[in-house]
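Visitor: below are the sequence and a predicted model; questions follow.
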Amino acid sequence: MEGQQNHHHHVDSFSGTLPTIDEDVVADLTWPFSNLDGLDVDDIRETAYEVFFTACRSSPGFGGGRNALSFYSTHSNPNDGGGGGGEGGRGAGGFGSLSFGSSSPSVGRLSGGGGSVVVTSPVSKIKRALGLKMLKRTPSRRMSSLGGGFSGGGSGGAGSAPSSPSTPQHHTVFSSPNIGFSTLQPVRPRRPLTSAEIMRLQMRVTEQSDNRLRKTLMRTLVGQLGRRAETIILPLELLRHLKPSEFNDGPEYHIWQRRQFKVLENGLLIHPSIPIDKSNTHAIRLREIIISSETRPVDTSKNSETMKSLCNAVVSLSWKSSNSNATDVCHWADGYPLNINIYIALLRSIFDIREETMVLDEVDELMELMKKTWTTLGISRPIHNLCFTWVLFQQYVLTSQTEPDLLYAAHTMLSTEVANESRRPDRESLYVKLLSLMLESMQGWAERRLLHYHDYFQRGTIVLIENLLPLALSASRILGEDVSIVEGMGGNERRDTNMVIDSSEDRVGHYIRASIKNAFAKIIETGSYKSTRLEVKDEATEALLQLAKETEDLALRERECFSSTLKKWNPNAASIASVTLHQCYGAVLKQYLAGVTSLNNEMVDVLHRAAKLEKALVQMVVEDSEESEDGGKNIIREMVPYEVDSIILKLVKQWIEERLKIGGECVVRAKESETWNPKSKNEPYAQSAVELIKIATETVEEFFETPIGITDDLICTLSEGLEQLFLEYVSFVTACGSKQSYLPTLPPLTRCNRDSKFSKIWKKAAPCTVTLEDLHQNEFNEIHHPRPSTSRGTQRLYIRLNTLHYLVSHLHALDKTLALAPRCNSARRRNSRRQHSTSSYFEKAHATIQSACQHVSEVAGYRLIFLDSSSVIYESLYVIDVANARIKPALRILKQNLTLMSAILTERAQSLAMTEVMKATFEAFLMVLLAGGCSRVFYKTDHHMIEEDFQSLKCMFCTCGEGLMNEDLVEREGEIVEGVIALLGESTEQLMEDFSTAACETSGIGALSSGQKLPMPPTTGRWNRGDPNTILRVLCHRNDRVANQFLKKSFQLAKRK
């Protein structure tokens, strides 16, 4: 109740009378009727209330009836609605098919004495007929807390002003032009508001203005209670009877007076219902008085000469008739557009000021009362129906289209009352003019949305089309049926852009085509295509691909959201949309293809996307035309094919050459700039290979995506060109050196000297520098804190190896793609393979890559062992003393290096790389034993330690290579090393005998004769237990007297220094 009171107080005080309306919304709807000079909306509304009140002055609640102001309601039924019975409901018949007045005989009409009618429980026929919802509020919706209503005539004097419905129940405020005071009143029962009170509130008229109007009428009608309203020149009477003292201040009175003069000027001078001559003396005098009122108020006292002149001029002009005969109606407010502006302002009062989308439940009674103004304003029933239709439609627009019921109601009026009356032969010329103006405005507003319905209607508001489209079609139908409505208009009022369309179906088709084109143009406008230069094909391609996607999305959205609704008026709605989109995109595609001489990947994308779009649009047409007689053949004929097949077939061979050229450029770039640094751990291979594979993959994919049949000859041409690219790239990857570049130079063969200078220096230096405890500590540090030794160069070799395996994996995919090409003839493909004697399109490339993997793995293994790990194997193992230079530190380093290698290499590359590292390690171990140089000497007793170290080495590879290589491979590769280690365990005499036998057999001399020297066996590098050079090297590293003498005697080998 507090909120209701606050609202009533707001309305009654009118501190902010009009609701906030979006100016863009107002501007969007063209006002069909002419505007009034010098009068704004508030001026017209106040004038409308004055006319309305004057016309209804004799009705209960407006001052008619002795006891009309003393009624108190005793009705207390809480279930009754709060609104409408009304005064005029008993008498009027109605307007057309819509009956005005209370619709149910059971509606209570409570009166006190003189029959003051109040609104209690309405069931509006108008709202029912127009499909408008009832407000359904409690009986207190419009209740007055006072028993007294508006002060009326019959009592003389000004009377007291009625209190606001929101006045608190414990007191009442009375006001007067001269006095104002507040008096506490006893609490009185609440009663429903009368129609007069409702209209005052709805028209936003203050009590002070209402009181002044009542006083004027009371003074005017003294002794003339039977005088008809249409004989009263209301602005003149107001000017005569209201004085400045009855206003708050002078400026307020001047503004009020200016309004009255402006009403007279518009009604008698600017827009008179009966034309007047410019030389009319009364008109000239009236104009002079109006002009003089602009600077200061005109003296309207009884003795004023100006007032006498004013009365004379106004009366003469108002009672003027068209044929100089006497008339019983004055014509001061019945000229167009003054009358229409006033009457529409009056009609707008039917909308609840608190809920502007709702029509009052009392609309029947209020409409019946408004009918009393028709004579004064020159309104007929057809014109009323026009204005009422416009008001409903305008309110729908002004309230941001939030209440579809208003649009439905406007359409109901338009398609019934207005449509019927527009066909009558006896229409007035003013009616024809107003009808055409109103219909053009309504149709213009509706068509601005229907011609762009993609912009105005979203998923949640698509249903509004079902209300708006019938209204637009009805307006179009009325204009089209009566040719005189359009042809009778002249000058600037004629619609130059009006299209003559035969039927509603054709017009809906026109809306679809226009909105589709506008939506398509907006895609181009807001997308990247508009700013794209067609000569820059990369930009245009991307834009066209995006445009095709958005075009298809638009088609799908059209079918999903709009076509089902529009199909009610045009059965081919979806087909029309699809054909229009096909034409729109075809025009852009044609522009894109102009001047094209070769096919590239981007163009294939565009053409493929265009074909996909065309297929989708054709399918939509077919599906939409299933029920038509020709199955949609006629409308499909409107779709000019894009001819994608012929375009691609013409350019495909040239495209292959261009793609192979791009691949060749990629290989050249790789040779110039490849650094073998991986992009990330997830991509541990050269980016040049990724680029090459990407080019090849895209080439193959795009090749088969071309929408034509691909022959096997084209496949072979493409595969052979790609294979040449791969072979060239693999050759580049393999160019990483050889293992020989990392093998150390074999030292010259020397014989051990137990008293060599190196040994003596070591013996002298050892006691002074390093203790045994220091040696153990150093060994501990090397074991538990090894330094990493894998160089960047070795890691780059790993990347090369990953790259080769990356190529292999993708070559299989490419080969499979070529082999399973769906557009190829399988028999011809098999014949082609037999001619090439291959089982794969890339057989030669596969073999070359396998050989390259072996080579790169070998080089990487030898580099890791002989370069990166040389300091812990070849340069440190068994140096000086076997016992103090064991293999444990080297194993730690090797494990770390192998772990890093496994982390870098892909899974497929690890097995071969691990095997090659093992082979290189075993060869390094042999070189330590057989070509270790002067720093290594071995005793027979060292055999067990060396054998133990090698077993540890084999175990390490079995452990680190678990899952990559089996123990049998390790044992097999280690057999040669174990044979050499076994030689270290033999006695010197046995070694000498074995060497002599092997040397003679190798040289082919058989047994030695007396005095014949043993031949020096050549160094082959293929060391093994039976190789004489291997046995000789074991003897060279044996540190005992017998070996020393044998080597000196047999080969004159020098001593170690």
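Guide: Everything's here; your move. None of the values given here were measured: they were computed from a predicted structure.
Visitor: going forward, measure contacts and count neighbours with C-alpha atoms only.
Guide: Noted.
Visitor: now stretch 544-560: buried residues?
Guide: By neighbour count on 16 or more other C-alpha atoms under 10 Å, the buried set for stretch 544-560 is 544-552, 554-556, 558-559.
Visitor: try stretch 852-872
Guide: For stretch 852-872, by 16+ other C-alpha under 10 Å, it's 852-870, 872.
Visitor: kindly report the same for stretch 1034-1048.
Guide: Quick answer for stretch 1034-1048 (16+ other C-alpha under 10 Å): V1034, L1035, C1036, H1037, R1038, N1039, D1040, A1043, N1044, F1046, L1047.
Visitor: closest to V463 out of these?
Guide: V1034 (100.1 Å; C-alpha to C-alpha).
Visitor: could you pull out the buried residues of stretch 221-236?
Guide: Judged by neighbour count using 16+ other C-alpha under 10 Å, the buried positions of stretch 221-236 are R228, A229, E230, T231, I232, I233, L234, P235, L236.
Visitor: let me fix that, I meant to ask about stretch 348-364.
Guide: Across stretch 348-364, burial judged by 16+ other C-alpha under 10 Å covers 348-353, 356-364.
Visitor: with just CA atoms, put stretch 555-568 into PDB.
Guide: Output in PDB follows, covering the C-alpha atoms of stretch 555-568 (Å, rounded to 0.1, in the frame of the first residue of the first chain):
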ATOM      1  CA  ALA A 555      21.600 -20.100 -44.300                       C
ATOM      2  CA  LEU A 556      21.300 -22.500 -41.400                       C
ATOM      3  CA  ARG A 557      20.200 -19.800 -39.000                       C
ATOM      4  CA  GLU A 558      17.600 -18.700 -41.600                       C
ATOM      5  CA  ARG A 559      16.200 -22.200 -42.000                       C
ATOM      6  CA  GLU A 560      16.200 -22.800 -38.200                       C
ATOM      7  CA  CYS A 561      14.900 -19.500 -37.000                       C
ATOM      8  CA  PHE A 562      12.900 -17.800 -39.700                       C
ATOM      9  CA  SER A 563      11.800 -20.100 -42.500                       C
ATOM     10  CA  SER A 564       9.400 -22.100 -40.400                       C
ATOM     11  CA  THR A 565       7.600 -18.800 -39.500                       C
ATOM     12  CA  LEU A 566       7.700 -17.200 -42.900                       C
ATOM     13  CA  LYS A 567       6.600 -20.400 -44.600                       C
ATOM     14  CA  LYS A 568       3.100 -19.700 -43.300                       C
END
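Visitor: please state the offset of that stretch from the chain centre?
Guide: Relative to the centre of its chain, stretch 555-568 is centred 20 Å away, using C-alpha atoms, centre = their mean, to the nearest Å.
Visitor: so which residues make contact with stretch 852-859?
Guide: Contact with stretch 852-859 is made by 730, 733-734, 736-739, 797-798, 800-801, 804-805, 912-913, 916-917, 920, as judged by C-alpha atoms under 8 Å, 6 or more residues apart in numbering.
Visitor: can I get it in CSV? Just the C-alpha atoms.
Guide: Provided in CSV are the C-alpha atoms of stretch 852-859 (Å, rounded to 0.1, in the frame of the first residue of the first chain):
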residue,chain,number,x,y,z
ALA,A,852,70.4,-42.6,-43.1
CYS,A,853,69.1,-43.6,-39.6
GLN,A,854,71.9,-46.2,-39.3
HIS,A,855,74.5,-43.7,-40.4
VAL,A,856,73.4,-40.9,-38.1
SER,A,857,73.0,-43.2,-35.1
GLU,A,858,76.5,-44.5,-35.7
VAL,A,859,78.0,-41.1,-35.9
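Visitor: how far off centre is that stretch?
Guide: That offset, for stretch 852-859, works out to 53 Å (C-alpha atoms, centre = their mean).
Visitor: could you pull up the mean pLDDT of that stretch?
Guide: Averaging pLDDT along stretch 852-859 gives 94.
Visitor: surely R348 meets V391?
Guide: Yes. Under the criterion of C-alpha atoms under 8 Å, R348 makes contact with V391 at 6.4 Å.
Visitor: one step back: could you dump the buried residues of stretch 1034-1048 into JSON lines with secondary structure, distance to P337 and pLDDT added?
Guide: Formatted as JSON lines, the buried residues of stretch 1034-1048 follow (DSSP: H, G, I helix; E, B strand; the rest coil; distance: C-alpha to C-alpha, whole Å; pLDDT from 0 to 100):
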{"residue": "V1034", "secondary structure": "helix", "distance to P337": "128", "pLDDT": "89"}
{"residue": "L1035", "secondary structure": "helix", "distance to P337": "132", "pLDDT": "87"}
{"residue": "C1036", "secondary structure": "helix", "distance to P337": "130", "pLDDT": "88"}
{"residue": "H1037", "secondary structure": "coil", "distance to P337": "128", "pLDDT": "86"}
{"residue": "R1038", "secondary structure": "strand", "distance to P337": "131", "pLDDT": "87"}
{"residue": "N1039", "secondary structure": "coil", "distance to P337": "133", "pLDDT": "83"}
{"residue": "D1040", "secondary structure": "coil", "distance to P337": "137", "pLDDT": "86"}
{"residue": "A1043", "secondary structure": "helix", "distance to P337": "137", "pLDDT": "86"}
{"residue": "N1044", "secondary structure": "helix", "distance to P337": "137", "pLDDT": "86"}
{"residue": "F1046", "secondary structure": "helix", "distance to P337": "140", "pLDDT": "86"}
{"residue": "L1047", "secondary structure": "helix", "distance to P337": "137", "pLDDT": "84"}
